[in-house]
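Colleague: No letters, just coordinates:
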């Protein structure tokens, strides 16, 4: 789990499995609980983190924010999808 998500989940009040053999670093959320309030708080914290990031870094690009959250893979997949779409539009796959 990306450290930002872990930190925000902790702040939102999610319960984590204690340090057990299956979870030596205490990163796994115990999903047997009902998290209606925690999901709302977590969402608010994610938005606040994003707004803070933009405020600290000026007008940040979408890519910068996604990298901050650890979504580099999603950016690569998005770029690949755009390349495929452009290739199809140009008729390179006919």
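Modeller: Perfect, I can see it now. Predicted, not measured: the structure shown is a model, and the values here were computed from it. Numbering: from 1, shown residues only.

Colleague: If we ignore the residues flanking it in sequence, what's nearest residue 50?
Modeller: Spatial nearest neighbour of residue 50, excluding adjacent residues (C-beta to C-beta, 6 or more residues apart in numbering): residue 65 at 5.9 Å. Where C-beta positions appear, they are placed from N, C-alpha and C, glycine not excepted.

Colleague: give the contact list for that neighbour.
Modeller: 50, 53, 54 (C-beta atoms under 8 Å, 6 or more residues apart in numbering).

Colleague: so the second one touches residue 62, yeah?
Modeller: No: look at residue 53 against residue 62 with C-beta atoms under 8 Å: they stay out of range, at 11.5 Å.

Colleague: neighbour-wise, which of these two wins?
Modeller: Comparing residue 53 with residue 62 by neighbour count (other C-beta atoms under 10 Å), the higher total belongs to residue 53, at 15 against 10.

Colleague: next one: phi and psi at the residue nearest the centre of the chain?
Modeller: Centroid-nearest residue in the chain: residue 69, 4.9 Å away (criterion: C-alpha atoms, centre = their mean). With angles defined as degrees, to the nearest 10, residue 69 sits at phi -90, psi 0.

Colleague: Which pLDDT value goes with it?
Modeller: With respect to pLDDT, residue 69 scores 75.

Colleague: which parts of the lowest-mean-pLDDT helix or strand in the chain are buried?
Modeller: Using mean pLDDT, DSSP states H and E, helix 72-89 stands out as the lowest-scoring helix or strand of the chain, at a mean of 75. By neighbour count on 16 or more other C-beta atoms under 10 Å, the buried set for helix 72-89 is empty.
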